[in-house]
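Colleague: Quick one, what's the 3D model for this:
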Amino acid sequence: MLLTALLAGASLSSAWAQQQLVDPRTGVPLPDPTQSQGRTPGTSAASPSAQTSPRLPTPQPLWEDRQTPLQYSDPSREERRADTGLAPPVPEALAAESQLTEYRVFGSSLFQGRFARESFRGFNPDYLISVGDQIDIQLWGAVDGQLQLQVDPQGNLFIPRVGPVRVVNVRNAELNEHVLREVRKVYREDVGVYATLASAEPVKVFVSGFARRPGLYPGYASDSILNFIDRAGGIDPLSGSYVDVRVLRGDKLVTAVNLYDFITRGRLPQIQLRDGDSIFVGPIGPTVRVEGLVASPAQFEFLPPTRIDQVLTMAGISGRATHVSLTRNQGRRREIIYVPVGDPRLAGPVVTGDVIEVIADRQIGQIAVTLEGEHEGSGQYVLPYSATLADLLAQVEFSPQSEPEGLQLYRVSVAERQKQMLDEMLNKLEQAVLSARSATAEEASLRTREAELVLQFVERARDVEPKGQVVLPRELDAGSIALEDGDVVRIPRSSQLVSVHGEVYLPNAFVWRKGYHVRDYINQAGGLIQKSSGDQVLLIRQSGEIASENGQRFVMSTQVEPGDEILVLPTVDTKRFQFGKDVIQVIYQIAIAAGVLARL
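Modeller: Got it, this is the predicted structure:
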């Protein structure tokens, strides 16, 4: 048993001279933190005077349709904060954009190599024939032939027995008629012509700006800009723009592309690229973060002026949403609005750095309570939000074997709080173990073995899940206990057994006998393993209530009732065992919150 091994290691004296920090896992002495960096004991690594106060951005009205760069105030103004009544600095306001990681950027999943693997070879009726394109031509009738010709640098196709036919800048949809018309200038009758674009012109296009791997990439004139950007590794989500992508031909702008239109609407302009064109990915522009009940919680880039409701439309607001909370992190004061979905104020402009949270803010009208144990009827009850335990019991059909006086109530919020308190105690115990001091090498070795046992106990104790039981006293007024959604009420079965657990020789369940006291049942269980005082024995009623004698925890002479449990806690010599008191506190907490001492 872990506790037995833990107590077996408690054989050290409590007197120390000059102490030294020791790593309990390795036994290696640790340096004294008070001697680092020339500091004296009791001083911290960075005094308050050495820390620079965070700077806050210049104020900006909540609904002003104006984008201004962040301007930081003089740090000396922080000293006047108490006089001006300003709120303390908001760290997330200063670091909102730096905290946004790549996977949270809307559009960052667009370029994963799928566009780069495929070139567009489909029929584009608006494609203009260019130099280098391959044209398939079939002739029949007066002249038979099957040819694949390339558009020469002069923009012509040279067809044998016909001569040069100019096709450059002819629309793909009109290519066949155009070639047929030119051939019939030579063969006026009894000739058929079928001309089609076999492959577009091979081109090399520059990808520059804030792409991951800017460079020169080969492709076809008919390929989309997505193909070339994907070949360049995509857009850098932390510095590149998804709404400012430009196609340049020399010094001229061919077109500007907003990739959010492609992501949200499937719209992508058909651009015929030429050799030497540049696809420029601009720097990231103003951004806003959207969280909560939306299809795509992420950081969104936008082009001013953009409205709040337009950003929510891009994010895909859920039908379950009822309210929108907007936090504006620009200015020396953080501003927050909270409005229903569809409120006219959501038509206001969004500002860079805004945080929008979409939530469902509905008042609870009913709660669901589970009924377990010995009863007749339904196991699930739907009650009004203000229902009490008395309201539930009025609908319960008790069976002849029910024990209403032992009623048990389990609550999720209580279990979470018990788990939090247990974790805090375990963290303190672990911290105490890791910062233990020893005067000699021999003492350090013993402390290491002692600490190993404690740390093993801590790891196992972390797996304990509290039951979240709300203790209901016998003189309970059920009408004063308000129920919560998710509560579990258990009606125990009448029992004639008494359970004895913990530090006894024969833990077991015994038949209840009238007039028997706690001491009698402990004797039936073989007596105490250790010489324990009576305050280490707990008498737990069926309802979870801890019995006491005249207000004291000494219960050896207390009469036992049917269904009670007797729990004997271990005794630790805290004078010999440095962490004994802390361990006993944790054990007691586990015994009360989870009733699983036997497992540890």
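Colleague: okay, CA-based contacts and neighbour counts for the rest of this
Modeller: Noted.
Colleague: What sits closest to V193 if chain neighbours are left out?
Modeller: Leaving out its chain neighbours, the residue that sits closest to V193 by CA to CA, 6 or more residues apart in numbering is L139, at 4.9 Å.
Colleague: got the contact list for V186?
Modeller: V162 (CA atoms under 8 Å, 6 or more residues apart in numbering).
Colleague: Check which helix or strand it maps to.
Modeller: Per DSSP states H and E, V186 falls between elements, in no helix or strand.
Colleague: Can you check the pLDDT for it?
Modeller: According to the prediction, V186 has pLDDT 85.
Colleague: One more: E64?
Modeller: Looking at E64, its pLDDT stands at 38.
Colleague: likewise the one 10 residues further on?
Modeller: Predicted confidence (pLDDT) for D74: 39.
Colleague: Next: L56.
Modeller: L56 carries a pLDDT value of 35.
Colleague: related to what we said a few turns ago, now name the helix or strand holding the residue nearest to V193.
Modeller: strand 134-141.
Colleague: Just confirm S399 contacts G373, I think it does.
Modeller: No: counting by CA atoms under 8 Å, S399 sits too far from G373 to count as a contact (10.2 Å).
Colleague: From K204, how far out is the nearest residue to Q134 once chain neighbours are set aside?
Modeller: Nearest non-adjacent residue to Q134, counting by CA to CA, 6+ apart: Q150, 4.6 Å away. Remark: distance between Q150 and K204 (CA to CA, to the nearest Å) = 18 Å.
Colleague: And P297, by the same measure?
Modeller: P297 is 37 Å from K204, by CA to CA.
Colleague: Could you do E484 as well?
Modeller: In terms of CA to CA, E484 sits 67 Å off from K204.
Colleague: How many neighbouring residues does the closest residue to S543 other than its chain neighbours have?
Modeller: Nearest non-adjacent residue to S543, counting by CA to CA, 6+ apart: G406, 4.4 Å away. If you count neighbours by other CA atoms under 10 Å, G406 ends up with 23.
Colleague: hang on, the earlier thing: show me what the strand holding L139 is packed against.
Modeller: Other elements packing on strand 134-141 under the criterion 3 or more CA pairs under 8 Å, 6 or more residues apart in numbering; DSSP states H and E are strand 145-150, strand 191-199.
Colleague: Next, the residues that contact stretch 375-385 from outside, please.
Modeller: Here stretch 375-385 has contacts from 364-372, 392, 396-399, 402, 484, 491, using CA under 8 Å, 6+ apart.
Colleague: now swap in stretch 269-285 and tell me
Modeller: Contacts of stretch 269-285 (CA under 8 Å, 6+ apart): 127-128, 202-211, 220-225, 229, 235, 238-242, 244-250, 257, 301-303.
Colleague: Output that stretch as CSV, restricted to C-alpha atoms.
Modeller: This file holds the C-alpha atoms of stretch 269-285, laid out as CSV (Å, rounded to 0.1, in the frame of the first residue of the first chain):
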residue,chain,number,x,y,z
PRO,A,269,-11.5,36.1,-61.6
GLN,A,270,-10.3,34.3,-64.7
ILE,A,271,-6.9,35.8,-65.4
GLN,A,272,-4.8,34.9,-68.4
LEU,A,273,-1.2,35.1,-67.2
ARG,A,274,1.8,35.9,-69.4
ASP,A,275,5.4,35.1,-69.2
GLY,A,276,7.1,37.5,-66.7
ASP,A,277,3.9,38.4,-64.8
SER,A,278,4.1,39.0,-61.1
ILE,A,279,1.7,37.9,-58.4
PHE,A,280,2.3,40.1,-55.4
VAL,A,281,0.9,39.2,-52.0
GLY,A,282,0.5,42.3,-49.9
PRO,A,283,1.2,42.8,-46.2
ILE,A,284,-1.5,41.8,-43.8
GLY,A,285,-4.0,44.6,-43.2
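Colleague: centre of the chain versus that stretch, how much separation?
Modeller: Centroid displacement of stretch 269-285 relative to its chain, using CA atoms, centre = their mean, to the nearest Å, is 36 Å.
Colleague: same question for that stretch, mean pLDDT?
Modeller: Stretch 269-285 carries an average pLDDT of 91.
Colleague: in that stretch, what counts as buried?
Modeller: Buried residues in stretch 269-285, counted by 16 or more other CA atoms under 10 Å: 271-275, 277-285.
Colleague: how about those in TSV, adding secondary structure?
Modeller: Shown next, in TSV, are those (DSSP: H, G, I helix; E, B strand; the rest coil):
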residue	secondary structure
I271	coil
Q272	coil
L273	coil
R274	coil
D275	coil
D277	coil
S278	strand
I279	strand
F280	strand
V281	strand
G282	strand
P283	strand
I284	coil
G285	coil
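Colleague: Can you pick out the most distant pair from those residues?
Modeller: Maximum pairwise distance among those (CA to CA): 29.3 Å, between D275 and G285.
Colleague: for the stretch 401-550 of the chain, which spans come out with low pLDDT?
Modeller: The model of the stretch 401-550 of the chain has pLDDT under 70 over residues 531-535, 548-550.
Colleague: returning to that earlier point: out of the buried residues of stretch 269-285, which comes closest to V170?
Modeller: When the buried residues of stretch 269-285 are ranked by distance to V170 (CA to CA), Q272 comes first, at 12.9 Å.
Colleague: Report the separation between that closest one and I225.
Modeller: Distance, Q272 to I225, by CA to CA: 9 Å.
Colleague: G219 now?
Modeller: If you go by CA to CA, the gap between G219 and I225 works out to 10 Å.
Colleague: So between those two, which is more surrounded?
Modeller: Using other CA under 10 Å as the criterion, G219 and I225 rank with I225 on top: 25 against 22.
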